[in-house]
Structures are given as structure tokens and as C-alpha cells.
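Trainee: could you work out the structure for the sequence below:
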Amino acid sequence: MVPFFIQIKCQLGKSYDVADRLADAEIASEIYSTAGEFDLLVKFYVEDNTDIGHFVNEKVQIIPGIQDTRTIITFKAFSAS
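Mentor: Okay, here's the model as predicted:
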């Protein structure tokens, strides 16, 4: 599985609606509300052979209330221990 994150900017007043739709779609691993330029930070896992660009375009950006996204590709997870 390949992990990656998407920062999501929502239309005004739509953050909770977008978070609920992401949760209902069961495509996100974790969904966080954030302060700053983006409203949500969402963690996803996809199969190794999945095209992340198509996934974002076809599964995430189609959700009503999303104004903008920024995809963050990760390379390695480090342990704090």
C-alpha cells in the first residue's frame, strides 16, 4: 500500500460536509480539520499499482464543496522511538 496526503481547501461553510462525504465514501484512512490555507488534511492508502493522479481526480476532486487540493506524496515513514 502507498500512503499519501491531500490538503483540501473547501468552499466557505462546506468543510464538515466535505469531511462527511469523504468518510462516507470510505476512501480515506484519516481526516483532520486544520487551520491555515487548507481546511482539511486527509491521509489515503492506495494499492501499489494505483495512479495517484487519477485517484485524486476521480475519487476526491469530484466531491461537492472542494475548492482546491494539494497532494503530498510521501517516501518513507520514520519511527519516533
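
Trainee: switch to C-alpha atoms for all contacts and neighbour counts from now on
Mentor: Will do.

Trainee: now do the helices in this protein.
Mentor: Using DSSP state H, the helices of the chain run over residues 15-25, 52-55.

Trainee: which other residues reach the last one?
Mentor: Identification of contacts with helix 52-55 by CA atoms under 8 Å, 6 or more residues apart in numbering yields residue 46.

Trainee: what residues sit buried inside it?
Mentor: For helix 52-55, burial by neighbour count (16 or more other CA atoms under 10 Å) applies to residue 52.

Trainee: how distant is that helix from the center of its chain?
Mentor: Distance, stretch centre to chain centre, for helix 52-55: 11 Å (CA atoms, centre = their mean, to the nearest Å).

Trainee: same question for stretch 16-32.
Mentor: 8 Å.

Trainee: cool, stretch 53-71 as well?
Mentor: 8 Å.

Trainee: ends of that stretch, what's the gap?
Mentor: Stretch 53-71 has an end-to-end distance of 9 Å (criterion: CA to CA, to the nearest Å).

Trainee: in that stretch, what's buried?
Mentor: Of the residues in stretch 53-71, those buried under the neighbour-count criterion (16+ other CA under 10 Å) are 56, 60, 63, 65, 66, 69.

Trainee: okay if I get those residues as CSV plus pLDDT?
Mentor: Formatted as CSV, these follow (pLDDT from 0 to 100):
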residue, pLDDT
56, 98
60, 98
63, 98
65, 98
66, 98
69, 98
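
Trainee: from these, which two are the most distant?
Mentor: Using CA to CA, the buried residues of stretch 53-71 span at most 14.8 Å, a distance reached by 56 and 65.
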